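Engineer: Here is my input; please provide its structure:
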Amino acid sequence: MVIVPMDKNNKISAMHWLVNMTGSICTYSLIDRNQYKRVTMIRELASIVLVFTAINFSSRATPSEEVLIFPFPQEMRLTGEVFSLDQSNVIIVPEKPSDNDLFLARFLVRELSDKYGKAIEIRSVREIPSDKKVILIGTYDNYLVSAYASNQSINLNAQSPGPEGYVMNITSNVILIGGSDDQGAFYGLQSLRQLIANGNGENVPGMSVRDWPRMPFRGIRLYVPGPDNMPFFKRFLRDFMGLYKFNKVILELNCMRLDRHPEVNAGWVEFSKYMKYTRSNSTEGIRGEVKNSSHYDAGDGQIIEKDDVKEIVRIAKENFIEVIPEIPSLTHGYYLLTRHPELAEYPGDYWPDTYCPSNPGSYQLTFDVYDEYIEVIDPKMIHIGHDEWWGAPIDVCPNCKGGDYSELFAQDINKIYKYLDDKGIKTAMWGDYLLESVRNKGPQNRVSSTGVKYQTPGALPPALVKSQIPKDILIFNWFWVDQKKEKELHELGFTQIFGNFKPNISAWDQRLTDINVIGGAPSSWAATNEFNIGKDLLLDFLGCANLLWSSHTISGDDLQEIIWRLVPTVRHDLSGKLAPSKDGDPIVPVDISTHFNFTQQSDFYDPRLDQLGTGTFKTQNILFDVPDLSGKIKPIIAVAARGRGIGPALPTAINAIQINEDVSSLIFLHATAQQAANQKAYFNIADFFDSSDLIGWYEVVYEDGYKIVVPLQYG
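Structural biologist: So this is what the prediction gives:
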């Protein structure tokens, strides 16, 4: 379904539906339920887009058809009561409220006012009023919360449900959210936000909930956003990470304004422009040696002001999210070395990415940069990178030649570890070079793109890891597909989280009992913006949210169905825009039956239209009518692209669907007969828009000839 807002004040004269001549297909299909399985297809096949007709708005789906709270609470019982939301409700706080009491109350006031048009009063009281329907949110030591919990025989204290845990009790007259701590009260509010959204701001179902997190480390790893995407990222922290109970954001930072080293900023901009204009994702060494991925879309290739980074930290903290800066060192050092080639491990490399660990100047520069980030962020932990250590061949650096690369790697880690430890900051890093089973034993033989043979480092020997690498470094394990490897890390004495985490991890419940793992973090490896996250990552992010919080593990098929239902709400929250179709105006059907053009004899590959149902269908609470014509004509408009091979005998466009009204939006029900190709955004950094198949577009034509073009593509 596509919602198209209208910007002009004149009438829409006609609507055109066109397809791009690419032979591509969108996977958001209302026919194929495997819409989240990424596939590629034979490019010669042509796309079929089916457009249906709409009828009037309907009531919301019943609670049994919806996900009430996500991630799933540990314990939840529905009572059948309903709390009606209206402006006679009051949010009550103690006579001397804590800062967190007021923060939670004001958070809810903002939510109800901005999204649902309900202005609800915050009232300081000595005791819970009996003549009002009230909402009460706070920790167990809020005397209003403790009094009500005691009266209702609700067990609530610091130990029950426990750290970050909450209870929620909803009757027809009272909504109670009580936290074992401030975080718990906050997460209870997030569950209430979801319930309010499910009831469209009108009512909340009665229930009893006891909830607490399964894992203490619930993170997402991504790049710092660029200046234009800062407003989006604030919504992402508040209306996605906070809402779905994440508590860590690992933010790769290589482009903040540096007062002490402006040349580093200038070099980053120069490097990013080069990569973008050459449409490259990585560079090569002097003789064609393979190099690290560049990460040049961090910050959208721009410089981020310190005030913007401070604001990210402030909003994250407000939503109980710890910012863990990932500041690459040793490897992925393009941002450091573009204007400091004298520190490069590979002399003469035009775009060096690995500094020389034998040069004291490398650490003088690195620690200067670290200090500025530390001053701005005041982090408890810093992620130091140290993955993909192949940007410079062995024995080309005159300072390191003849040395033991394993010793150099260990010494580098220890220098940084000590520097941070002296400041009271914990260290995290990627763990691939700590295991020979991941990066192999001894130097690795390679051949460059020009045919030159050379060597790069392999992993550190186990004995050296045991003796020289501090065991309180938190290891990010991205190689968790093989359970043997996580056990190796465990046996070496490390605590780990699953990095690059995905919800398709096998034997999840069993694995947690075998090793010292404290959580996980799915990753984004492309610029941080709504398009990339919405297109590629919602399944990973939301699926991992449930694994990390809830003990109720979801099967893959069920998870797809759940995320499909959540997507419209998530995309709305991340866009920050209210769709005109949701403003309460009546929805008027448009009869498009005169354009139905698909017959059983249409010549194309099988889209299984014999299985297409008829009657009334509901999506996002809008009813669409697919009539049973009881004849050879199917109740659809079908258009198709011609691929390089044969294509269906269908038109490539349907023109002039007459509207002739001044409307706020147009709503379509459409589907595709086949799935599309979706390339992950990090494979095409220079053009994110082109990373998923364009299946076609709508043209909205106004009576004065003005057009709005709305592209349709995967995600």
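
Engineer: which outside residues touch stretch 385-392?
Structural biologist: Stretch 385-392 is contacted from outside by 285, 289-293, 326-333, 344-346, 349, 352-354, 409, 412-413, 429-430, 432-433, 439, 444, 446, 456-457, 478, using Cβ atoms under 8 Å, 6 or more residues apart in numbering. (Each C-beta comes from the backbone N, C-alpha and C, glycine too.)

Engineer: Next, the distance between the ends of that stretch.
Structural biologist: 16 Å (Cα to Cα, to the nearest Å).

Engineer: do stretch 523-535 as well
Structural biologist: 14 Å.

Engineer: List the buried residues in it.
Structural biologist: Neighbour counts using 16 or more other Cβ atoms under 10 Å place Ser523, Ser524, Trp525, Ala526, Ala527, Thr528, Asn529, Glu530, Phe531, Asn532, Ile533, Lys535 of stretch 523-535 among the buried residues.

Engineer: what's the answer for stretch 190-201, then?
Structural biologist: Applying 16+ other Cβ under 10 Å to stretch 190-201 flags Gln190, Ser191, Leu192, Arg193, Gln194, Leu195, Ile196, Ala197, Asn198, Gly199, Gly201 as buried.

Engineer: go on, stretch 133-153?
Structural biologist: Under 16+ other Cβ under 10 Å, the buried positions of stretch 133-153 are 133-140, 142, 144-146, 148-149.

Engineer: Check stretch 469-488 too.
Structural biologist: Applying 16+ other Cβ under 10 Å to stretch 469-488 flags Ile469, Ile473, Leu474, Ile475, Phe476, Asn477, Trp478, Phe479, Trp480, Lys485, Glu486, Glu488 as buried.

Engineer: re the thing from before, mark which of the contacts of stretch 385-392 are part of strands, please.
Structural biologist: Counted as lying in strands by DSSP state E, out of the contacts of stretch 385-392, are 290-293, 326-329, 429-430, 444, 446, 456.

Engineer: which of the buried residues of stretch 523-535 lies closest to Ser575?
Structural biologist: Lowest distance from Ser575 to the buried residues of stretch 523-535 (Cβ to Cβ) belongs to Glu530, with 6.3 Å.

Engineer: That closest one against Gly576, yeah?
Structural biologist: No. Counting by Cβ atoms under 8 Å, Glu530 does not reach Gly576; the two are 9.0 Å apart.

Engineer: and for these two, which residues touch both?
Structural biologist: Common neighbours of Glu530 and Gly576, using Cβ under 8 Å, 6+ apart, are Phe232.

Engineer: Any idea what the nearest residue to Pro352 once chain neighbours are set aside is bridged to?
Structural biologist: Closest residue in space to Pro352, ignoring its immediate chain neighbours: Ala344 at 3.3 Å, by Cβ to Cβ, 6 or more residues apart in numbering. Beta bridges link Ala344 to Tyr355, judged by DSSP bridges.

Engineer: what's the pLDDT at Ala344?
Structural biologist: As predicted, Ala344 sits at a pLDDT of 97.

Engineer: Contacts for whichever helix in the chain runs longest, please.
Structural biologist: When the chain is parsed with DSSP state H, its longest helix is helix 556-575. When contacts are defined by Cβ under 8 Å, 6+ apart, helix 556-575 is touched by residues 33-36, 66-67, 70, 197, 232, 235-236, 239-240, 243, 503-504, 530, 533-534, 538-539, 542-543, 546, 554, 578-579, 582, 620.

Engineer: Show me where the stretch 101-250 of the chain has its strands.
Structural biologist: 121-125, 134-139, 166-170, 174-179, 203-211, 217-223, 248-252 (DSSP state E, counting those that start in this stretch).

Engineer: residues near the closest residue to Ser665 other than its chain neighbours, how many?
Structural biologist: Distances taken as Cβ to Cβ, 6+ apart put Pro580 closest to Ser665, at 4.0 Å, once the chain neighbours are dropped. By other Cβ atoms under 10 Å, the residues close to Pro580 number 16.

Engineer: a markdown table please, covering the buried residues of stretch 190-201 and showing pLDDT and distance to Ile592.
Structural biologist: Converted to a markdown table, the buried residues of stretch 190-201 look like this (pLDDT from 0 to 100; distance: Cβ to Cβ, whole Å):
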| residue | pLDDT | distance to Ile592 |
| --- | --- | --- |
| Gln190 | 98 | 41 |
| Ser191 | 98 | 41 |
| Leu192 | 98 | 41 |
| Arg193 | 98 | 38 |
| Gln194 | 97 | 36 |
| Leu195 | 97 | 37 |
| Ile196 | 96 | 36 |
| Ala197 | 92 | 31 |
| Asn198 | 90 | 32 |
| Gly199 | 91 | 33 |
| Gly201 | 93 | 32 |
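
Engineer: Between those residues, which sits nearest Tyr274?
Structural biologist: Nearest member of the buried residues of stretch 190-201 to Tyr274, counting by Cβ to Cβ, is Gln190, at 42.8 Å.

Engineer: Can you name the residues that contact that closest one?
Structural biologist: Gly242, Leu243, Tyr244, Lys245.

Engineer: Give me the distance between the last one and Thr569.
Structural biologist: Translated: Lys245. Distance of Lys245 to Thr569, given as Cβ to Cβ, to the nearest Å: 16 Å.

Engineer: again, but for Val663
Structural biologist: From Val663 over to Thr569 (counting by Cβ to Cβ), the distance is 24 Å.

Engineer: quick one, which of these two is more surrounded?
Structural biologist: Under the neighbour definition other Cβ under 10 Å, Val663 and Thr569 were set side by side, and Val663 has more, 19 against 16.

Engineer: Just say helix, strand or coil for the more buried one.
Structural biologist: The assignment at Val663 comes out as coil when based on DSSP: H, G, I helix; E, B strand; the rest coil.

Engineer: Got phi/psi on it?
Structural biologist: phi -120, psi 160 (degrees, to the nearest 10).

Engineer: picking that back up, could you export the strands of the stretch 101-250 of the chain as JSON lines, including distance to Asp625?
Structural biologist: Below are the strands of the stretch 101-250 of the chain laid out as JSON lines (distance: least, Cβ to Cβ, whole Å):
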{"stretch": "strand 121-125", "distance to Asp625": "43"}
{"stretch": "strand 134-139", "distance to Asp625": "40"}
{"stretch": "strand 166-170", "distance to Asp625": "36"}
{"stretch": "strand 174-179", "distance to Asp625": "38"}
{"stretch": "strand 203-211", "distance to Asp625": "28"}
{"stretch": "strand 217-223", "distance to Asp625": "41"}
{"stretch": "strand 248-252", "distance to Asp625": "45"}
